[in-house]
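# Have a look at this fold, sequence not included:
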């Protein structure tokens, strides 16, 4: 399947397809004109005498250093080599697919001043299935994801490394085998490739797409736990949630109601049940899960904007006739004098950063604060989904609350049942609490204090994978515990959708009348949580789509 990239208009389904792989990328032909126009502006700037950051100057703290015209290509190559300083395990192929695609889409918006060949190189590498070797650590998420994007670029230049079947290989022969020429950089192109938030955005998108499945599975496991504990569906009454007005809460309450329709277990205790209220882990599921749903959708919106954004620096803007005749911009004309430097010249092309039909402006779109804050919000949601699921496991094994056999085993004492499975869930929930500490509130200045506030978005997004593993394991353990609880209530049956979940789990995870080797069951349940089958079931029976 060929996916045509519309620069600035990538949707979530496009990004999901890129993440999953199996697609080829093409660029909307209408985009090439803007790419070529901005490249011409940079070419004229490179041939001129005025200093333009990243074109004929050094970088960061060295921005005041002028570079001769005969060294501009060397400047870009040195930039890439010197910035390849990442450490740690390599980023996954899925992350690299998103990095290549979103970088191509960003450059193709025509504000980065790169030639057509640069964008095409990214598309060709993606379509050839190439996976640049990119260490996962070393970015602070400001001035872009410099180190990881530099490693990606160096591989495309034939100097770095590629991953082939999980093994590191020199990039040059891998490019040759794919029929691709190494990328040759010209003025500004190296900077455009490594300035940007594509690594942190890709990592956060991978986390968001995984959260879709884990969240859906947690809704299902929570409903199964409620029926196993013979809880009440009264707290899911739509009137309760409508008067609060939180959209995620309203939707999740409706989902729980739909999942429980037709449960003989629920009907069996509508009368003569002396319990007045269920524990919060059952009763407040719509409030907790709904809030997490709202957070995830906010994160979706932020990341969609960022995946479509132009985040390198400086940027090129084409001028209309009225702009070209207007002279220097007000900001240039009124800029105050700087100590030892005087006032910027009030006129002339260089003063306004104008070259030919365009203007080069320096800003800070490479600062990944939007991604950092979004990743922190998603981290809190992931932790909360796991935290309330862990509480439901604790409730199920506590006979005084669930009124099921202690630790979900008929012969407690001789058997330990789910006692230690809960300990694992508690350990993972606690670990997530530490990992959920916001990355965005930390900052260390870099580049001799020129880059004095950074986002830490890359780590903030990267840790989402570990947190999702933890929460998916917790939800998997809950599925096992809840299914065991349902078994104790036979011959009563749960609702049709929850009985389908029970049967799906039992294909690989048998009931546990006596203690057995439980770790493989947990891994099978973990795989079920991540596989998407429970999300499909949830959508089929309730209409709830987590990310829309």
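That came through, no problem. The shown structure was predicted, so the numbers you read here are calculated from the model rather than taken from an experiment.
# Okay, now the unreliable bits of the stretch 101-250 of the chain?
Low-confidence segments of the stretch 101-250 of the chain (pLDDT under 70): none present.
# Hmm, residue 455 is touching residue 143, no?
No - under the criterion of Cβ atoms under 8 Å, residue 455 is not in contact with residue 143, lying 10.2 Å apart. The C-beta positions use only the backbone N, C-alpha and C, and glycine is treated the same way.
# Between these two, which contacts overlap?
Common contacts of residue 455 and residue 143, defined by Cβ atoms under 8 Å, 6 or more residues apart in numbering, comprise residue 367.
# and residue 318, backbone torsions?
Here the main-chain torsion angles of residue 318 (degrees, to the nearest 10) amount to phi -80, psi 140.
# so residue 73 is in which element?
Secondary-structure element containing residue 73, defined by DSSP states H and E: helix 72-83.
# Pull out the buried residues from that helix.
72-73, 75-77, 79-81, 83 (16 or more other Cβ atoms under 10 Å).
# So which elements touch the following helix or strand past that helix?
Counting by DSSP H and E, the next helix or strand C-terminal to helix 72-83 is strand 87-90. Judged by 3 or more Cβ pairs under 8 Å, 6 or more residues apart in numbering; DSSP states H and E, strand 87-90 is in contact with strand 135-137.
# got the contact list for the strand it packs on?
Contacting residues not belonging to strand 135-137 are listed as 86-91, 147-148, 151, 459, 462 [Cβ under 8 Å, 6+ apart].
# from the chain's centre, how far out does that strand sit?
In terms of Cα atoms, centre = their mean, to the nearest Å, the gap separating the centre of strand 135-137 from the centre of its chain is 16 Å.
# what's the next secondary structure element after that strand?
helix 146-156.
# Which elements pack onto whichever helix or strand comes after that next one?
Helices and strands here follow DSSP H and E; after helix 146-156, the next one along the chain is strand 161-164. Contact analysis of strand 161-164 by 3+ Cβ pairs under 8 Å, 6+ apart lists strand 167-170, helix 171-177 as its packing neighbours.
# returning to that earlier point: could the contacts of strand 135-137 go into CSV alongside neighbour count?
Formatted as CSV, the entries for these read as follows, by neighbours: other Cβ atoms under 10 Å:
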residue, neighbour count
86, 22
87, 9
88, 11
89, 8
90, 20
91, 27
147, 23
148, 31
151, 25
459, 20
462, 23
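# quick check, nearest of those to residue 450?
residue 147 (16.9 Å; Cβ to Cβ).
# doesn't residue 84 make contact with the closest one?
Yes - look at residue 147 against residue 84 with Cβ under 8 Å: they come within range, at 6.8 Å.
# Which neighbours do the two have in common?
Contact criterion Cβ under 8 Å, 6+ apart; residues shared by residue 147 and residue 84: none found.
# Looking at the contacts of strand 135-137, which is nearest residue 498?
Nearest to residue 498 out of those is residue 462 (Cβ to Cβ; 35.3 Å).
# Secondary structure element for the closest one, which one?
Assigned by DSSP H and E, residue 462 belongs to helix 457-488.
# Residue 24: how many residues sit nearby?
13 (other Cβ atoms under 10 Å).
# got the contact list for it?
Neighbouring residues of residue 24 by Cβ under 8 Å, 6+ apart: 1-3, 126-127.
# And it, how far from residue 123?
Computed as Cβ to Cβ, to the nearest Å, the residue 24 to residue 123 distance reads 9 Å.
# Residue 18 reaches residue 98, doesn't it?
Yes - using Cβ under 8 Å as the test, residue 18 is close enough to residue 98 to be in contact (5.7 Å).
# Tally up the residues packed near residue 127, please.
16.
# Could you find the closest non-adjacent residue to it?
Taking Cβ to Cβ, 6 or more residues apart in numbering, and ignoring the residues beside it in sequence, residue 127 has residue 24 as its nearest neighbour in space, at 4.9 Å.
# Specify the residue positioned farthest from the middle of this structure.
Among the C-alpha atoms of the chain, the one most distant from their mean position (Cα atoms, centre = their mean) is that of residue 272, at 48.4 Å.
# Now that residue: phi and psi?
For residue 272, the backbone dihedrals are phi 60, psi 30 (criterion: degrees, to the nearest 10).
# give the contact list for the nearest residue to residue 514 once chain neighbours are set aside.
Sequence neighbours aside, residue 415 is the residue nearest to residue 514 in space, at 5.6 Å (criterion: Cβ to Cβ, 6+ apart). Shown here is residue 415, whose contacts under the criterion Cβ under 8 Å, 6+ apart are 407, 409, 514-515.
# same question, residue 218
For residue 218, the set of contacting residues under the criterion of Cβ under 8 Å, 6+ apart consists of 289, 385, 389, 471, 475, 478.
# Distance-wise, check it relative to residue 211.
Distance, residue 218 to residue 211, by Cβ to Cβ: 10 Å.
# Also residue 465?
According to Cβ to Cβ, residue 465 and residue 211 sit 11 Å apart.
# Next: residue 451.
Noted for residue 451: a distance of 31 Å to residue 211, by Cβ to Cβ.
# So which of these two has more stuff around it?
Higher neighbour count among residue 451 and residue 211: residue 211, with 28 against 20, using other Cβ under 10 Å.
# I figured that one was touching residue 381, is that so?
Yes - counting by Cβ under 8 Å, residue 211 touches residue 381, with 7.2 Å between them.
# Excluding chain neighbours, give the residue nearest to residue 109 in space.
Using Cβ to Cβ, 6+ apart, the nearest residue to residue 109 is residue 7, at 4.4 Å.
# Could you report the neighbour count for the one you found?
22.
# Please shift the residue numbers so they start at 26 in all later answers.
Will do, 26 is the new start, and the previous item becomes residue 32.
# quick one, what contacts it?
With contacts defined as Cβ under 8 Å, 6+ apart, residue 32 is in contact with 52-53, 56, 130-131, 133-135, 333.
# What remains of those if I keep only buried residues?
Buried positions within these, assessed by neighbour count (16+ other Cβ under 10 Å), are 52, 56, 130-131, 133-135, 333.
# Looking at these, which is nearest residue 448?
Taking Cβ to Cβ as the measure, residue 333 is the one of the buried ones among the contacts of residue 32 closest to residue 448, at 44.5 Å.
# I'd say that closest one and residue 35 touch.
Yes - with the criterion set as Cβ under 8 Å, residue 333 and residue 35 qualify as a contacting pair; they are 5.3 Å apart.
# quick one, helices of the stretch 276-425 of the chain?
Secondary structure of the stretch 276-425 of the chain by DSSP state H, counting those that start in this stretch: the helices cover 289-293, 305-308, 310-332, 346-349, 355-359, 394-422, 424-427.
# Can I get those helices in CSV including mean neighbour count?
Compiled in CSV, the helices of the stretch 276-425 of the chain are given as follows (neighbours: other Cβ under 10 Å):
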stretch, mean neighbour count
helix 289-293, 16
helix 305-308, 20
helix 310-332, 21
helix 346-349, 11
helix 355-359, 13
helix 394-422, 25
helix 424-427, 15
